[in-house]
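> Need a 3D model of the following:
(3 chains)
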Amino acid sequence: MQGRRLSRKFFVRSTLAVARELLGKVLVRKIGPTSPRLRRARQKIIRVMIIETEAYCGPRDLASHASQGPAWPAGRRTKRTEIMFGPPGLAYVYLIYGMYYCLNIVTEAEGYPAAVLIRAVSVKRLGHNKNSNSHNSLNAKPYTLNASLNGPGKLCRFLKIDKALNGEDMIKSSRLWIEDGEKLKPAQIGRAKRIGVDYAGSYKHKLWRFFIRSKS
DNA sequence: CGCGGGATTGACT
DNA sequence: GTCAATCCCGCGT
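Numbers count the residues shown, from 1 in each chain, chains lettered A, B, ... in the order given. Model prediction:
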């Protein structure tokens, strides 16, 4: 049940297009020891579907970590934001408020600081047999945490994503990548202002958050 | 070196 | 709606 991994080309495009098209795609996290001896027994793979994203569109975007730097308009290039200037497809992971991590994927041409924040995901499938309403009710709900994956900090905690994955190349990584997923119709996609960027002047009004409308 | 603040979350009034 | 937790980063000194 695995899809085709997204190539680097997918990310070398307008950040808004990438943010929109990441909706419905499958974020994959492989967790476990890298030592070959322990790998087989203890590795596990988690697949979740991306349902909400935000675009951070380069050096002029006052909401972006890479904006407003001394080198404007080239962008604020610091130790922290360096990854955003790197090749598209890299993971940009940062610590926020001292306690949560946020996962972004770098977009556009190398040297241009832009990225898409993954704001929410849903569990794509259960980690075991779907029809488990029989005898084994304990195993029936490992991923009922569906609702708790709405938020960038929460999904990183669930997927065990932290600073160690900052700079991970999601095109080649064996720990974190993205696969093809659902093809969405335009009507399924919603747009809104980004969250938590009131400091961003006129850029706080941009409708650069994208989400899958819940079915009603 | 010190200080202010944050692409959040959960608890609480 | 308000607020605090918690710590790294960016910048001024």
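
> Pull up the residues of chain A that are close to DNA strand C.
With Cβ under 7 Å from any atom of the strand as the criterion, chain A comes near DNA strand C at residues A:65, A:68-70, A:76, A:78-81, A:94-95, A:97-99. Backbone N, C-alpha and C define where each C-beta goes, glycine included.

> Tell me which of these has the lowest pLDDT.
Confidence by pLDDT is poorest for A:Pro70 among the residues of chain A next to DNA strand C, given 59.

> confidence score at the nearest residue to A:Arg77 once chain neighbours are set aside?
Counting by Cβ to Cβ, 6 or more residues apart in numbering, the nearest residue to A:Arg77 once its immediate chain neighbours are dropped is A:Phe85, at 5.8 Å. In the prediction, the pLDDT value recorded for A:Phe85 is 97.

> looking at chain A, which helix or strand is least sure?
Sorting the helices and strands of chain A by mean pLDDT, DSSP states H and E puts helix A:36-42 at the bottom, at a mean of 74.

> picking up where we left off before, now for the residue nearest to A:Arg77, how many residues are close by?
Residues within reach of A:Phe85, counting by other Cβ atoms under 10 Å, total 21.

> any residue of stretch A:165-178 up close to DNA strand B?
No: counting by Cβ under 7 Å from any atom of the strand, no contacts exist between stretch A:165-178 and DNA strand B, the nearest distance being 12.3 Å.

> The most centrally placed residue in chain A in helix, strand or coil?
Nearest to the mean C-alpha position of chain A, counting by Cα atoms, centre = their mean, stands A:Ile118 at 3.3 Å. With DSSP: H, G, I helix; E, B strand; the rest coil as the basis, A:Ile118 sits in strand.
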